[in-house]
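Visitor: My questions concern the predicted model and sequence given below.
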Protein chains: 2
Amino acid sequence: MTGIDLLGYTAGAITSLTFLPQVLKTRKEKSAKDISLFMFVIAAVNEAMWIIYGALIDNWVIILTNVIILTMSLIMIYYKFSYK
Amino acid sequence: MTGIDLLGYTAGAITSLTFLPQVLKTRKEKSAKDISLFMFVIAAVNEAMWIIYGALIDNWVIILTNVIILTMSLIMIYYKFSYK
């Protein structure tokens, strides 16, 4: 693995965790008024597209990364309806 | 271009616009209390990594996509400090 590969894998790992601070903050504060529902709906649909794309080209990095982000997007959609 | 390529490009185009609804909502409502600053700081650092990675492998799709997302992340960080 080259340094460039390592940078790509590290960037991908961080991407998969981008939504985590928002999930934790919303869970703690039980307030989601300022959160855009539409953003997380777009994100969820988009991640489903990436998962299908990953399956079609048989790329497990794309599949797994987007399963993680999709899960967090669905949690944020649930919080948005729960905490208003 | 195959159908699979088209799915990948479409998914990428949507990814670059994921943060737009949040930017527009926050701009309109001038309230960012529930927004995680840490999420957008992680996103901004991560997109800078993707831009460097894109430059190193000479991939303009990765560079341009992440320049768009980085711009929106920086706007959200600015809003977070402006609107509290």
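Guide: That came through, no problem.
Visitor: now the residue nearest to A:Ala55 when sequence neighbours are not counted: how far from chain B?
Guide: In this structure, A:Ala55 finds its nearest non-sequential neighbour in A:Ile63, 6.2 Å apart by CB to CB, 6 or more residues apart in numbering or on different chains. Where you see a C-beta, it was placed from the backbone N, CA and C, and this is true even at glycine. For A:Ile63, the distance to chain B (CB to the nearest CB, to the nearest Å) stands at 13 Å.
Visitor: For the strand or helix carrying A:Ile63, what does the pLDDT average out to?
Guide: A:Ile63 belongs to helix A:60-83 when assigned by DSSP states H and E. Across helix A:60-83, pLDDT averages out at 96.
Visitor: Can you name every helix or strand that it contacts?
Guide: Secondary-structure packing of helix A:60-83 (3 or more CB pairs under 8 Å, 6 or more residues apart in numbering or on different chains; DSSP states H and E): helix A:3-16, helix A:20-29, helix A:37-56.
Visitor: any chance of those in TSV, plus mean pLDDT and mean neighbour count?
Guide: Formatted as TSV, the helices and strands packed on helix A:60-83 follow (pLDDT from 0 to 100; neighbours: other CB atoms under 10 Å in any protein chain shown):
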stretch	mean pLDDT	mean neighbour count
helix A:3-16	94	15
helix A:20-29	98	17
helix A:37-56	97	19
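Visitor: between those helices, which one is nearest to A:Phe81?
Guide: Closest approach to A:Phe81 among those is made by helix A:37-56 (8.1 Å; CB to CB).
Visitor: Could you list the residues in contact with that closest one?
Guide: By CB atoms under 8 Å, 6 or more residues apart in numbering or on different chains, the residues outside helix A:37-56 that reach it are A:19, A:60-63, A:65-67, A:69-70, A:73-74, A:76-77, A:80, B:4, B:7-8, B:10-11, B:14-15, B:17-22, B:25.
Visitor: can you pull the contacts of A:Gly3?
Guide: Here A:Gly3 is in contact with no residue (CB under 8 Å, 6+ apart).
Visitor: Show me the residue at the heart of chain A, geometrically.
Guide: Chain A has A:Ile69 as the residue nearest its centroid, 2.0 Å off, counting by CA atoms, centre = their mean.
Visitor: Quick check: it touching A:Ser16?
Guide: Yes: between A:Ile69 and A:Ser16 there is a contact under CB atoms under 8 Å: 5.8 Å.
Visitor: follow-up on the earlier one: need the helices and strands packed on helix A:60-83 in TSV with distance to A:Lys84, can you?
Guide: Shown next, in TSV, are the helices and strands packed on helix A:60-83 (distance: least, CB to CB, whole Å):
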stretch	distance to A:Lys84
helix A:3-16	28
helix A:20-29	11
helix A:37-56	10
